[in-house]
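*Asks:* sequence first, then the predicted structure:
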Amino acid sequence: MQTRPPEGSFYQQEFYPDAEPTSEDCLYLNVWTAATRRDEERPVMLWVHGGGFTEGSGSLPSFDGAALARRGVVVVTFNYRLGVFGLLAHPELTAEVPYHTSGNYGLLDHVAVLEWIRRNIAAFGGDPENVTMFGQSSGADDVNVLMASPLAAGLFHRAILQSGSAFAFGRKPRLEELEARGAAFADSVADGTIDSLRALSADSLLELAAGFGFSVGVDGRLLPDYVDRVFARGEQHDVPLLAGSTADEGTTLYGPRLTAERFRGLVERAYGDDAAAFLELYPARTDEQAKASFNASFRDEMAWGAQALAGLHVRTSGSPAFLYYFDHAPPGRRPERYGAFHSSELVYVFGTLDAVDRPWTSDDRALSDVMTFYWTRFAAAGDPNGSGKPAWPVFEPEAPVVLRFDADTAPGNVFEERVRRFLRKRWEGRTK
């Protein structure tokens, strides 16, 4: 159940060419394999779609797994419950179950898919002992949460986070706060009881829940503590990590109503005593400058989240991390306006350029070939390097080099030092 993006909107044109049916009967998965025997033990790649935990599907054309499967992996995509159906916590729901938590149902769907893979993927020539979870935006955040979840222990063996992490998006609320939000929602749309919500149709519940802001949370079961604290204690799953972001994360996320005055107000509320320092780095004297600063700050927060995550992971686990930065603007649909926008790398990774109506060039296809190689190589070996491609250096927290994907893919840096200092101070302040 979800609301389709408005007809003609940027992401509707990019990912939703057809109006797919929606239903509460949604827990399906898709498998692509080129294996001809059960005993081939190919690496498995499980895709977690993004969409702010309110929209998306494992069956969108951009996520067709055929091209990756031809690289020697078995690809699995799936649907999971979204919005109120996937995240509602409520005291009555908590009281109904023996483990005394509620919410996080969409993440429990992730665990169920991992368990299905463990039981069944060998029938498709896949290796249940070599599973890579990869996701983008909220899907990457989900993968990060499952790296910290005891329920996913031993069910996946590598992690790829694209444009999202629990480090970029901030700490999750605790169960008590989520229950209070859920109770407030129930009071606002019905008589406050779970029975009154269950009496509503799915369509009605979806409409009433629009904009309410449900969240993944620290429930003591799926997620025992804040993700950064789990990583700081070295209690996360010890798996190789590949993570990164795009050069223009914010260009599709602000609207025409973003003005300099509104941006400064948002900054003052979000950054408090650090607002003046923020506006020195990201000035907003004019509306156009505010839009550019929104993009730059969002871009830097996402890239910093990947680096903070990778730095803590390599310090407290025995596994390596590899970071990237996607800096290639897809052709068509005003590349000068949108650049390497949030999710622009997805069709390159999946090798599905033709799923989107853009004037693709030979350079785009060459870049896609490079990225599908790196992603599948990482899934196979826990290291993306090999076959004469540009060397991808292991991430070092004290010398944070990333692999930049553009016309000339090569190692490089992301931040000015003053930006790095500001972001480090902010991160340290909010994780005490």
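*Replies:* Arrived safely, thanks for sending.

*Asks:* I'd guess residue 101 is in a helix, am I close?
*Replies:* No. Under DSSP: H, G, I helix; E, B strand; the rest coil, residue 101 sits outside any helix and is assigned coil.

*Asks:* spit out the contact partners of it.
*Replies:* Residues in contact with residue 101 (C-beta atoms under 8 Å, 6 or more residues apart in numbering) are 89, 94, 175, 219-222. For every residue, glycine as well, the C-beta is placed using N, CA and C.

*Asks:* find me the pLDDT at it, would you?
*Replies:* Residue 101 carries a pLDDT score of 97 in this model.

*Asks:* phi, psi for it please.
*Replies:* The phi and psi values for residue 101, taken as degrees, to the nearest 10, are phi -140, psi 160.

*Asks:* max-length strand in this structure?
*Replies:* strand 126-136 (DSSP state E).

*Asks:* buried set for it?
*Replies:* Within strand 126-136, the residues that count as buried by 16 or more other C-beta atoms under 10 Å are 126-128, 130-136.

*Asks:* related to what we said a few turns ago, so which of the contacts of residue 101 are in helices?
*Replies:* 94, 175 (DSSP state H).

*Asks:* out of the contacts of residue 101, grab the one that's most surrounded.
*Replies:* Among those, residue 89 has the most neighbours (other C-beta atoms under 10 Å), with 26 neighbours.

*Asks:* what about that residue, distance to residue 202?
*Replies:* 19 Å (C-beta to C-beta, to the nearest Å).

*Asks:* is it possible to get CSV of the buried residues of strand 126-136 that adds distance to residue 379 and pLDDT?
*Replies:* Shown next, in CSV, are the buried residues of strand 126-136 (distance: C-beta to C-beta, whole Å; pLDDT from 0 to 100):
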residue, distance to residue 379, pLDDT
126, 11, 98
127, 10, 98
128, 14, 98
130, 8, 98
131, 9, 99
132, 4, 99
133, 10, 98
134, 8, 98
135, 13, 98
136, 15, 98
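
*Asks:* quick one: which of those is nearest residue 211?
*Replies:* residue 136 (22.8 Å; C-beta to C-beta).

*Asks:* so what's that closest one closest to, chain neighbours aside?
*Replies:* Sequence neighbours aside, residue 162 is the residue nearest to residue 136 in space, at 4.0 Å (criterion: C-beta to C-beta, 6 or more residues apart in numbering).

*Asks:* give me every residue that touches the one you found.
*Replies:* Contact partners of residue 162, counting by C-beta under 8 Å, 6+ apart, are 134-137, 139-140, 243-245, 345-346, 349.

*Asks:* again, but for residue 159
*Replies:* By C-beta under 8 Å, 6+ apart, residue 159 lies in contact with 132-134, 143-144, 147, 237, 239-243.

*Asks:* between the helix or strand hosting it and strand 126-136, how many degrees?
*Replies:* Assigned by DSSP states H and E, residue 159 falls within strand 158-162. Interaxial angle, strand 158-162 versus strand 126-136 (axes from the mean of the first three to the mean of the last three C-alpha atoms, to 10 degrees): 20 degrees.

*Asks:* I'd like to know which elements the helix or strand following strand 158-162 is packed against.
*Replies:* Where DSSP H and E defines the elements, the next helix or strand beyond strand 158-162 is helix 166-169. In terms of contacts (3 or more C-beta pairs under 8 Å, 6 or more residues apart in numbering; DSSP states H and E), helix 166-169 is packed against helix 138-147, helix 227-232, helix 287-316.

*Asks:* mind doing that once more with 7 Å?
*Replies:* Secondary-structure packing of helix 166-169 (3 or more C-beta pairs under 7 Å, 6 or more residues apart in numbering; DSSP states H and E): helix 138-147, helix 287-316.

*Asks:* how close does the residue of the chain most remote from its centre get to residue 202?
*Replies:* Relative to the centre of the chain, the most outlying C-alpha is that of residue 191, 35.0 Å out, by C-alpha atoms, centre = their mean. The spacing between residue 191 and residue 202, counted by C-beta to C-beta, is 19 Å.

*Asks:* over to residue 245?
*Replies:* Distance from residue 245 to residue 202, by C-beta to C-beta: 35 Å.

*Asks:* higher neighbour count, these two?
*Replies:* The neighbour comparison of residue 245 against residue 202 (other C-beta under 10 Å) goes to residue 245, with 33 against 14.

*Asks:* what does the pLDDT read for the more buried one?
*Replies:* So residue 245 comes in at 97 (pLDDT).

*Asks:* do the same with residue 69
*Replies:* At residue 69, pLDDT is 98.

*Asks:* do the same with residue 369
*Replies:* pLDDT, residue 369: 97.

*Asks:* list the contacts of the closest residue to it other than its chain neighbours.
*Replies:* Closest residue to residue 369 apart from its sequence neighbours, by C-beta to C-beta, 6+ apart: residue 351 at 7.6 Å. Residues in contact with residue 351 (C-beta atoms under 7 Å, 6 or more residues apart in numbering) are 67-68, 368, 372.
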